[in-house]
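Asker: Sequence plus predicted model, see below.
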Amino acid sequence: MGDRTILHCDCNGFYASVECILRPELKNVPMAVCGDPDSRHGIILAKNELAKRCHVQTAETIWQAKRKCPELTLVPPHHEQYQKYSRIVNLIYQQYTDLVEPFGIDESWLDITGSEKLFGDGRTIADTLRRRIREEVGLTISVGVSFNKVFAKLGSDYKKPDATTVIDREHFRGLVWKLPVSDLLFVGKSVGTELQKMAITTIGELAAADRDWLVRRLGKIGETLHDYANGLDNSPVRSIYEEREVKSVGNGMTFKRNLVGLEDIRLGVLSLTDQVGARLRRRGVQCLTVQVTIRDPNFKTISRQRTLESPTSLAKELAEISLDIIQHEWDLRKPIRMLTITANNLVTAEETGEQMTLFNGESRLRKKEKQEKLEAALDSIRGKYGKEAIGAAGILGNDIGIGFLPEDKEENS
Ligand SMILES: [Mg+2]
């Protein structure tokens, strides 16, 4: 079988670029998209070229950024717009192949092996996509072209913005092996630290390292990374039509009596999110969207969802967001018969590892890590003593029927 041709397309400075399309005047001033513009502690999520020139960095606080660049224009994120532009870009990719696998909101892999006769070789298609997306959408992308997904991803990072990098089988060693090992897919913080202790700093050193030693030190991932470094990655690009394994984790309940008022609702929400969080963590996934469905005694049903600034699997965060949605969307005096909370838009921990640091900033990240430890401890107690061993605070002694929840039901909608 011949080699595959795989593209990895990455939108450059995605959030900031979309903002500049929406408000073209932003192109002429240093600007940044940030979490909470009213707070000094808000975090920079993205910045444009002019802000980059003032050394404004992603993940630093607004306060730090403003010190370097006092005239920095701050813009709140517009997640629906980012989703919309993501869809538009992916629709263009799909004109060249069915095998389009999005990886986060602004990156996708394309397997164009079967399309080269129609549209030209890898570089040609990459250049065509760059031109079309620049001209038709107003965004720039950088594209990596290679014989596997891992090197294609390296390629899109290699040169940007608006560039094509080809990493072919004949020349990959010269290009890839001198890169830092942290550039390799799935080398997150903990693996990176471990590799550092082993004095492995480049991908070439990883490729040359003894395989058994890597497995002894890193476990199974050691084998995978050794393969990756040597260009041995056969993982397929999934079709956009293919169903994701699990799309959502939801938990719903009809209560013994209707919930009325904030305290009732809080109790209901806590018991639901407690389980949703535990199930997300058991699967090693986090969600980017939380959906709340409310049904009243007359079966009138509303459903609202919100996209998060950063993915989570924490019951505490899921509960806070759900309560906030309910307080905005529901008259708290009206009775609730049934409540469902669903975590949508699931991503794996590896996929979010980098973004986590990026979106949270140091202090929020530490707080989050503390909560993660706490909830992991709860998970292990539940594992030992059963699901009813611990509930969220205040669940015991209620009269709405929670505490003995029905078995988890998996939703593959
Ligand atoms: Mg990007």
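Answerer: Perfect, I can see it now. Only a predicted model underlies this, so the values are computations on that prediction, with no experimental measurement involved.

Asker: how about the residues of the stretch 151-300 of the chain near the ion?
Answerer: Within the stretch 151-300 of the chain, no position is adjacent to the ion by Cβ under 5 Å from the ion. Heads up, the C-betas are built off the backbone N, CA and C, glycines and all.

Asker: which residues in the stretch 151-300 of the chain form helices?
Answerer: When assigned using DSSP state H, counting those that start in this stretch, the helices of the stretch 151-300 of the chain occupy the ranges 172-176, 189-197, 203-208, 211-218, 220-229, 261-283.

Asker: could you dump these to JSON lines with mean neighbour count?
Answerer: Shown next, in JSON lines, are the helices of the stretch 151-300 of the chain (neighbours: other Cβ atoms under 10 Å):
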{"stretch": "helix 172-176", "mean neighbour count": "17"}
{"stretch": "helix 189-197", "mean neighbour count": "15"}
{"stretch": "helix 203-208", "mean neighbour count": "19"}
{"stretch": "helix 211-218", "mean neighbour count": "14"}
{"stretch": "helix 220-229", "mean neighbour count": "20"}
{"stretch": "helix 261-283", "mean neighbour count": "21"}
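
Asker: Would you tell me which of these gets closest to I88?
Answerer: helix 261-283 (29.5 Å; Cβ to Cβ).

Asker: With just CA atoms, put the closest one into CSV.
Answerer: What follows is helix 261-283 as a C-alpha-only set of coordinates in CSV (Å, rounded to 0.1, in the frame of the first residue of the first chain):
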residue,chain,number,x,y,z
GLY,A,261,-37.1,28.1,44.7
LEU,A,262,-33.3,28.3,44.6
GLU,A,263,-32.6,26.0,47.5
ASP,A,264,-34.6,23.1,46.0
ILE,A,265,-33.0,23.7,42.6
ARG,A,266,-29.5,23.9,44.0
LEU,A,267,-30.0,20.5,45.7
GLY,A,268,-31.3,19.0,42.5
VAL,A,269,-28.5,20.4,40.4
LEU,A,270,-25.8,19.3,42.9
SER,A,271,-26.9,15.7,42.8
LEU,A,272,-27.1,15.6,39.0
THR,A,273,-23.7,17.3,38.4
ASP,A,274,-22.1,15.2,41.0
GLN,A,275,-22.8,12.1,38.8
VAL,A,276,-22.1,13.8,35.5
GLY,A,277,-18.7,15.0,36.8
ALA,A,278,-17.8,11.5,38.2
ARG,A,279,-18.7,9.9,34.8
LEU,A,280,-16.7,12.4,32.8
ARG,A,281,-13.7,11.7,35.0
ARG,A,282,-14.1,8.0,34.8
ARG,A,283,-13.9,8.2,31.0
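
Asker: Let me see the mean pLDDT of that helix.
Answerer: Mean per-residue pLDDT for helix 261-283: 91.

Asker: One more: stretch 374-394?
Answerer: 62.

Asker: okay, the helices of the stretch 151-300 of the chain in TSV with distance to I302 next?
Answerer: Shown next, in TSV, are these (distance: least, Cβ to Cβ, whole Å):
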stretch	distance to I302
helix 172-176	51
helix 189-197	40
helix 203-208	51
helix 211-218	48
helix 220-229	44
helix 261-283	14
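
Asker: nearest to A343, of those?
Answerer: Shortest distance between A343 and the helices of the stretch 151-300 of the chain, using Cβ to Cβ, is found for helix 261-283: 5.4 Å.

Asker: Counting by contacts, list what the closest one packs against.
Answerer: strand 248-259, helix 315-329, strand 336-348, helix 349-385 (3 or more Cβ pairs under 8 Å, 6 or more residues apart in numbering; DSSP states H and E).

Asker: Can you say which of those is packed in most?
Answerer: strand 336-348 (a mean of 20; mean count of other Cβ atoms under 10 Å).

Asker: Quick check: can you name the pairing partners of that strand and their directions?
Answerer: strand 248-259 (antiparallel), strand 285-295 (antiparallel) (DSSP bridges).
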